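> build me a model:
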Amino acid sequence: MRRLAAVLAPILLLVLAAPAAQASPVAPYQAHPHGRSYADWTRAIGQFYLGDASNPLIAGLGGACGQVENGVFMMAAPVDLNLEFDCDVPAGMWIVFSNAGFFTTQGVDAQTDADLEALAAAGFHTSTDWLTLDGRNIPLKEFATGAYDVTAQSGSFYNAIYGLPVGTVRTALVADVLAIHPLTPGDHAIETAVDFIGDGSYSATYHLHVG
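Now for the predicted structure:
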């Protein structure tokens, strides 16, 4: 019996260690990372990208990585090919961002909620859509906001680029969204690429400096 225990002990240790070794750095898509569902985070991403005064979609073209919003580090999305980001992320902080999304806007693309939602779903149609974190492939999942209100601030994408007045803009968004657990202090890398069928290609490398 003692000999059997000695044989089984290292096997048991391997079994117990396996889930931790395989644990994803991204919160499960059915979870509520940092207290919010992925559906909620998708709406928050839309608000940040389209409505925030920092205009992160355009600022990202100049290398701006993102900022702390809603208690997490919200990272800029790639809107061109071969973008490079250097990101200083506070230690212990979640990272939330979308590497690929398609949005529709009332008064620009359609008028009714149903049409906004249908066009957003039809627009998110890719031939390539992948992301790695520290060389590890991360399975992606898209989420749909349904039609909802984005508050366009002065200088936001909606205001500065679309020319819409400050205020509420009815929007629908379908997007990959990731909530990344706080990373260990040090350097990390995210690489991503997406090809939208008939609507362009985007790719980026994020150099994350956590600490």
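> rest of the way, CA atoms for contacts and neighbours
Will do.
> output the contacting helices and strands for the host helix or strand of A39.
For A39, the enclosing helix or strand under DSSP states H and E is helix 38-46. Helix 38-46 is packed against strand 95-105, strand 142-152, strand 167-180, with contacts defined by 3 or more C-alpha pairs under 8 Å, 6 or more residues apart in numbering; DSSP states H and E.
> can you list contacts of that helix?
By C-alpha atoms under 8 Å, 6 or more residues apart in numbering, the residues outside helix 38-46 that reach it are 29-32, 74, 96-98, 143-145, 148, 150, 173, 175, 177.
> chain center to it, what's the gap?
Once both centres are worked out by C-alpha atoms, centre = their mean, to the nearest Å, helix 38-46 turns out to sit 9 Å from its chain's centre.
> so for it, what's the average pLDDT?
Averaging pLDDT along helix 38-46 gives 98.
> what's the angle from that helix to strand 167-180?
Our comparison of helix 38-46 with strand 167-180, counting by axes from the mean of the first three to the mean of the last three C-alpha atoms, to 10 degrees, yields an angle of 120 degrees.
> where does pLDDT dip in the chain?
Applying pLDDT under 70 to the chain flags residues 1-22.
> what about 90?
With pLDDT under 90 as the threshold, the chain has low-confidence stretches at 1-24, 198-199.
> now the helices for it?
Secondary structure of the chain (DSSP state H): helices at 2-22, 38-46, 56-59, 113-123.
> residues touching L116, list them.
Contacts of L116 by C-alpha under 8 Å, 6+ apart are T104, T105, Q106, D109, A110, A147, T171, A172.
> may I have the beta-bridge partners of the residue lying closest to the second one once chain neighbours are set aside?
Closest residue to T105 apart from its sequence neighbours, by C-alpha to C-alpha, 6 or more residues apart in numbering: T171 at 4.8 Å. With DSSP bridges as the criterion, the beta-bridge partners of T171 are T105, Y148.
> doesn't V150 make contact with T171?
Yes: here T171 reaches V150: they are 6.5 Å apart, a contact under C-alpha atoms under 8 Å.
> show me which of the contacts of helix 38-46 are buried.
Among those, those buried by neighbour count (16 or more other C-alpha atoms under 10 Å) are 29, 74, 96-98, 143-145, 148, 150, 173, 175, 177.
> quick one on the thing from earlier: dump the helices and strands packed on helix 38-46 into JSON lines; add distance to N70 as well.
Compiled in JSON lines, the helices and strands packed on helix 38-46 are given as follows (distance: least, C-alpha to C-alpha, whole Å):
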{"stretch": "strand 95-105", "distance to N70": "10"}
{"stretch": "strand 142-152", "distance to N70": "15"}
{"stretch": "strand 167-180", "distance to N70": "13"}
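> of all these, which lies closest to V194?
Go through those one by one with C-alpha to C-alpha and the one that ends up closest to V194 is strand 95-105, at 6.7 Å.
> what helices or strands is that closest one leaning on?
Strand 95-105 is packed against helix 38-46, strand 72-75, helix 113-123, strand 167-180, strand 186-196, with contacts defined by 3+ C-alpha pairs under 8 Å, 6+ apart.
> what's the angle between the first one and strand 95-105?
Helix 38-46 runs at 70 degrees relative to strand 95-105, counting by the same axes, to 10 degrees.
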